[in-house]
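> Build me a structure from this.
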Amino acid sequence: MTVEGRVGTYKVRGSGVGEKKYAGVIRVKKPDNTFEEHPFESSYIVAKPSASVAADKMNVIYIGVPNPITVSVPGVPDEK
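Predicted coordinates for the structure are as follows:
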């Protein structure tokens, strides 16, 4: 974890497919030098990479003919 300019960043690589959980405590120093604690917990899901490619107008792709194709990748916006 790194803290820069009062912002903490936690980075970790996904290690295997499935739900991963994490938890921690944020400690905030008060003016009287005591600490206020804020526990938290959350989770994220690691999935295998995947993509779907589909020919829009025909069931096959032909050389020399416009072949409209739609590509879909989970987690990536359509405009990308």
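> C-alpha only now, for contacts and for neighbours.
OK.
> ok now do the nearest residue to A47 once chain neighbours are set aside, which residues does it touch?
Among residues not flanking A47 along the chain, V17 sits closest, at 5.3 Å (Cα to Cα, 6 or more residues apart in numbering). By Cα atoms under 8 Å, 6 or more residues apart in numbering, the residues touching V17 are I45, V46, A47, K48.
> what two of the residues you listed are the furthest from one another?
I45 and K48 (10.1 Å; Cα to Cα).
> Mind checking which of those two has more residues around it?
Taking other Cα atoms under 10 Å, I45 and K48 do not tie; I45 has more neighbours (11 against 7).
> Please report how far that one lies from E37.
As judged by Cα to Cα, to the nearest Å, I45 and E37 stand 27 Å apart.
> picking up where we left off before, using CSV, lay out the contacts of V17 together with secondary structure.
As requested, these are exported to CSV (DSSP: H, G, I helix; E, B strand; the rest coil):
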residue, secondary structure
I45, strand
V46, strand
A47, coil
K48, coil
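> nearest to G75, of these?
A47 (10.2 Å).
> what pLDDT does A55 get?
With respect to pLDDT, A55 scores 88.
> what pairs with it across the strands?
Counting by DSSP bridges, A55 forms beta bridges with I69.
> Could you report the neighbour count for it?
13.
> For it, list the residues it contacts.
Contacts of A55 by Cα under 8 Å, 6+ apart are I61, N67, P68, I69, T70.
> In PDB, list the C-alpha atoms belonging to stretch 38-58.
Taking Å, rounded to 0.1, in the frame of the first residue of the first chain, the C-alpha atoms of stretch 38-58 are listed here in PDB:
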ATOM      1  CA  HIS A  38     -12.900   2.900  10.500                       C
ATOM      2  CA  PRO A  39     -12.900  -0.800   9.700                       C
ATOM      3  CA  PHE A  40     -13.900  -1.800   6.100                       C
ATOM      4  CA  GLU A  41     -14.300  -5.000   4.100                       C
ATOM      5  CA  SER A  42     -15.100  -5.700   0.500                       C
ATOM      6  CA  SER A  43     -14.600  -8.100  -2.400                       C
ATOM      7  CA  TYR A  44     -13.900  -8.300  -6.100                       C
ATOM      8  CA  ILE A  45     -14.200 -11.100  -8.700                       C
ATOM      9  CA  VAL A  46     -11.400 -12.400 -10.900                       C
ATOM     10  CA  ALA A  47     -12.600 -13.900 -14.100                       C
ATOM     11  CA  LYS A  48     -10.800 -15.700 -17.000                       C
ATOM     12  CA  PRO A  49     -10.100 -13.400 -20.000                       C
ATOM     13  CA  SER A  50     -12.700 -13.900 -22.700                       C
ATOM     14  CA  ALA A  51     -14.100 -12.300 -25.800                       C
ATOM     15  CA  SER A  52     -16.900 -12.900 -28.300                       C
ATOM     16  CA  VAL A  53     -16.600 -12.300 -32.000                       C
ATOM     17  CA  ALA A  54     -19.700 -12.500 -34.300                       C
ATOM     18  CA  ALA A  55     -20.300 -11.900 -38.000                       C
ATOM     19  CA  ASP A  56     -23.200  -9.400 -38.100                       C
ATOM     20  CA  LYS A  57     -24.800 -10.200 -41.500                       C
ATOM     21  CA  MET A  58     -23.700 -13.700 -42.600                       C
END
